[in-house]
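# Sequence and predicted structure are below.
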Amino acid sequence: MASDSHNIGRVEKFLRKIGKVVPFDEIQFHKLMVSLTEAVNNAILHGNKCDPAKHVRIICETLPGWILIMVDDEGKGFQPGKVGNPLSKENLLRESGRGIFLMRTLMDRVEFDVGKAGTRVRLWLDLNK
């Protein structure tokens, strides 16, 4: 999809389609919804800098007992370890910086592959929990 914030609404439709193939409960759906929305939003805003010529790609793989969703952008990358903790006093009033925290809180595993040609975020959800 093009890097346009209006495309974030497509996340729910994407997850509903996955839910027809892989059964997950309402809580799992909402965890995926928040995490994937944050990942796509970060890819559009921070990765691709809202450049409509750049794209965000969402890929879903189903593995026994797991859903793996990957979000790719075409940005310059970032250093996940340097993203501040949104719960620390100096960051409480910042308008951004909570997306990665939410993903890490809601998903069973979150991974980042950062390269010169973009970033891939991997969101893992254990369906057996």
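Now that the structure is in, tell me what you want to look at.

# SS state for the residue nearest to Ala39 when sequence neighbours are not counted?
The shortest distance from Ala39 to any non-neighbouring residue, by Cβ to Cβ, 6 or more residues apart in numbering, is to Val71 (4.2 Å). (C-beta placed from N, C-alpha, C; glycine too.) Of the three states, Val71 takes strand under DSSP: H, G, I helix; E, B strand; the rest coil.

# again, but for the one 3 residues further on
The three-state label given to Glu74 by three-state DSSP is coil.

# thinking again about what came up before, isn't the residue nearest to Ala39 right up against Val40?
Yes: at 5.9 Å, Val71 counts as touching Val40 under the criterion of Cβ atoms under 8 Å.

# any shared contact partners between those two?
Counting by Cβ atoms under 8 Å, 6 or more residues apart in numbering, the residues touching both Val71 and Val40 are Val56, Ile58.

# Can you tell me what sits against the top strand by length along the chain?
Secondary structure assigned by DSSP state E gives strand 118-126 as the longest strand of the chain. The contact list for strand 118-126 (Cβ under 8 Å, 6+ apart) reads 24, 28, 31-32, 35-36, 39, 42-43, 47, 65-75, 77-78, 103, 107-113.

# So what are the sheet partners of it and their directions?
strand 66-72 (antiparallel), strand 109-115 (antiparallel) (DSSP bridges).
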